[in-house]
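In: fold the following.
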Amino acid sequence: MANVLVIGSGGREHAIVRALANDADVEHVFCAPGNGGTAAMTGVSNVATKDKRDLVALADREEIDLIIVGPEVPLVEGLVDFFRAHELRVFGFKKSAAQLEGSKVYAKRFMQKYSIPTAPFRVFESYRQALVYLEEHFQANPQGGFFIKADELCGGKGAIHAPDLESGRQALQALFKEKRCGVGKHVIVEELLSGQEASVFALTDGKSVATLPPAQDHKTAYDGDRGPNTGGMGAYAPALGVTEEVYDRIEQEVILPTLFGMEEERISDGGVLYLGLMIDRKGKPSMLEYNVRFGDPEAQPILALLKSDLYPILRACTEGKLGQAEIEWKEGVAVCVVLSVSGYPDVYDYQNEEIHGIEEAEALRDVYIYHAGTEFREGRFFTKGGRILGVTGIGKDVATAQKRAYQAVSKISFQGMHYRTDIAGKALQ
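Out: Down below sits the predicted model:
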């Protein structure tokens, strides 16, 4: 029986922990630091530290068989390398591979080098040069917009839609001068792509690959894809826009060239690639971004559909044996609706508010409640963060899964609760 340590505190980590806790080969799961949902689970212990030396000591003391690093920041900072230097088995990409998410400039140049389809782009090192480029472009083409992207990690909020010159100026001001996403040394100005967005996840052991059901994230804060970008306000899987034919194109045009490029750059590793894609009307995929971990909230609906045990799959990725792993999926669709505090992502008011109705929601058929920004005290849950819960329903089709998710949402309440009412709605149009 295995002991497993999961690093992170979000809804993604709760989904991973819940899957592991149900595995036949797993005895105990530790989560550092965890959240209210993991704290309330049987067979799970939260660990109140982020210190990597303390985590190594814990791994030695508790005879940890596998460490899973969930969030992007510790991956980019090299936590996997640190654990491996202490001869610990880790699922997650090393620092050199994590550059694919840690630097959008590195990622775009990687795509360009290995002929991976992506939007045309320019990289700028100064506010003035970028502004002149925007002024010249909008003078010649007033209808043409851009996405302006931070080079560094920004919690899913570093891509700013700029449909006109004034919004472009504000985006450059935020990234270059106000330095909202790191030091602001480089900024990408990227042409807009049209189509449907999709997230495709590919497990790899550095040699072989296993794709997971595609998902569609809902990034903006408000219904109708309005408002600022967030870490994600909901997702559903499998995404209907990714047909078998489109999936074949993604594998041939994106996944295999990515693995080849990683091998050429000597950054091949065992972990999960998250491909943020735009699929046009003809089924042509184009890369928007790489991430090097399970998405949040996409992990919630995807792992809710996993029929096989998770532990042997992730362990196989660390042993070069992914090709031997059995991966089975449940029939149907999963829809996850994120409940946040009002004002997210700009403000984090309504903290330490008691959350009501979680038990009633979880009692509904085929419903899972994944915790993100929660705290568990004296048998009760309280808000602690921006995104609070991921309410996930499973059904035979999108309509059924969506209905179950929103039925569960109706059971839950807390002061300042906010959510989108149109998650997976495009799939029903």
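In: domain-wise, how is the chain divided?
Out: As recorded under automatic domain parsing, the domains making up the chain are 2-95, 126-185.
In: helices of the stretch 251-400 of the chain, residue ranges please.
Out: Using DSSP state H, counting those that start in this stretch, the helices of the stretch 251-400 of the chain run over residues 256-264, 299-304, 310-319, 358-362, 398-409.
In: mind putting these into CSV with distance to residue 133?
Out: For the C-beta atoms, the positions are set from N, CA and C on the backbone; glycine is no exception. What follows is the helices of the stretch 251-400 of the chain, written out as CSV (distance: least, C-beta to C-beta, whole Å):
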stretch, distance to residue 133
helix 256-264, 28
helix 299-304, 37
helix 310-319, 42
helix 358-362, 49
helix 398-409, 41
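In: can I get those in CSV with mean neighbour count?
Out: Shown next, in CSV, are the helices of the stretch 251-400 of the chain (neighbours: other C-beta atoms under 10 Å):
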stretch, mean neighbour count
helix 256-264, 17
helix 299-304, 29
helix 310-319, 21
helix 358-362, 16
helix 398-409, 21
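In: who wins for proximity to residue 29 among the ones you listed?
Out: helix 310-319 (9.5 Å; C-beta to C-beta).
In: which strands or helices does the closest one pack on?
Out: On a contact count with 3 or more C-beta pairs under 8 Å, 6 or more residues apart in numbering; DSSP states H and E, helix 310-319 meets strand 2-8, helix 11-21, strand 66-69, strand 90-91, strand 196-204.
In: one more time with 7 Å, if that's ok
Out: Applying 3 or more C-beta pairs under 7 Å, 6 or more residues apart in numbering; DSSP states H and E, we find helix 310-319 packed against helix 11-21, strand 66-69, strand 90-91, strand 196-204.
In: out of the domains of the chain, which is closest to residue 395?
Out: domain 2-95 (18.1 Å).
In: low-confidence ranges in the protein?
Out: Residues of the chain meeting the criterion pLDDT under 70: none.
In: repeat that with 90
Out: For the chain, the stretches with pLDDT under 90 are 50, 139-144, 155-158, 180, 182-184, 196-197, 228-229, 240-242, 346-347, 429.
In: most centrally placed residue in it?
Out: With distances taken as C-alpha atoms, centre = their mean, the residue of the chain nearest its centroid is residue 295 (1.7 Å).
In: before we move on, back to that, reformat the helices and strands packed on helix 310-319 as CSV; add distance to residue 137 and mean neighbour count.
Out: Shown next, in CSV, are these (distance: least, C-beta to C-beta, whole Å; neighbours: other C-beta atoms under 10 Å):
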stretch, distance to residue 137, mean neighbour count
helix 11-21, 37, 26
strand 66-69, 40, 24
strand 90-91, 43, 26
strand 196-204, 23, 22
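In: so which of those comes closest to residue 358?
Out: Closest among the helices and strands packed on helix 310-319, using C-beta to C-beta: helix 11-21, at 12.5 Å.
In: assess the claim that residue 88 and residue 59 are in contact.
Out: Yes - under the criterion of C-beta atoms under 7 Å, residue 88 makes contact with residue 59 at 5.4 Å.
In: out of those two, which sits in the busier spot?
Out: Between residue 88 and residue 59, counted using other C-beta atoms under 10 Å, the more crowded position is residue 59 (22 against 18).
In: which one of the helices and strands packed on helix 310-319 lies closest to residue 313?
Out: strand 196-204 (6.9 Å).
In: quick one: contacts for the residue nearest to the centre of the chain?
Out: Residues near residue 295 by C-beta atoms under 7 Å, 6 or more residues apart in numbering: 199, 215, 217, 274.
In: so which of those residues belong to strands?
Out: 199, 217, 274 (DSSP state E).
In: now distance to residue 251 too, for these, in a markdown table please.
Out: Formatted as a markdown table, the ones in strands among the contacts of residue 295 follow (distance: C-beta to C-beta, whole Å):
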| residue | distance to residue 251 |
| --- | --- |
| 199 | 15 |
| 217 | 20 |
| 274 | 15 |
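In: from these, which is closest to residue 188?
Out: Nearest to residue 188 among these, counting by C-beta to C-beta, is residue 274 at 18.4 Å.
In: ok, the nearest residue to that closest one once chain neighbours are set aside to residue 73 distance?
Out: Excluding the flanking residues, the one nearest residue 274 by C-beta to C-beta, 6 or more residues apart in numbering is residue 291, at 3.6 Å. To residue 73, residue 291 is 12 Å away according to C-beta to C-beta, to the nearest Å.
In: alright, that wraps it up for me.
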